[in-house]
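Peer 1: what follows is a protein structure lacking sequence information:
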């Protein structure tokens, strides 16, 4: 029987570094084309907020009216790890969001969606 080494040789090895994948972003023209193809203010506000703020879907669907600060142009979000953060509200987002909130009185999140991202009350 061979004697066991006192240390594990695997501890000296380092894991290979993986490069981070950078996803391509949309051009202004592509975003404009997307927005022009939509027929309601809610969907336009959602696309504008995604493109201008870079929010995750889970952050976006949980926005409530009291989370929006129109004066500073920011929205309070609950990010990864339940950390509170502020995200910018761009001018295009504000335009469509004000239009949407003029049509819809939120009861919960501002989008009229339930936690499964399905419309509430036929929306």
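Peer 2: Yep, it's here. What you see is a predicted model, and the numbers here were worked out from it, not measured in a lab.

Peer 1: elements contacting the lowest-mean-pLDDT helix or strand in the chain?
Peer 2: Sorting the helices and strands of the chain by mean pLDDT, DSSP states H and E puts helix 57-60 at the bottom, at a mean of 88. Judged by 3 or more C-beta pairs under 8 Å, 6 or more residues apart in numbering; DSSP states H and E, the packing partners of helix 57-60 are helix 41-53, strand 74-78. Every residue, glycine included, has its C-beta placed from N, CA and C.

Peer 1: dump these to CSV, plus distance to residue 64 and mean neighbour count.
Peer 2: Converted to CSV, these look like this (distance: least, C-beta to C-beta, whole Å; neighbours: other C-beta atoms under 10 Å):
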stretch, distance to residue 64, mean neighbour count
helix 41-53, 14, 21
strand 74-78, 9, 17
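
Peer 1: take these and lay them out in JSON lines including mean pLDDT and distance to residue 100.
Peer 2: Output for the helices and strands packed on helix 57-60, formatted as JSON lines (pLDDT from 0 to 100; distance: least, C-beta to C-beta, whole Å):
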{"stretch": "helix 41-53", "mean pLDDT": "93", "distance to residue 100": "4"}
{"stretch": "strand 74-78", "mean pLDDT": "94", "distance to residue 100": "14"}
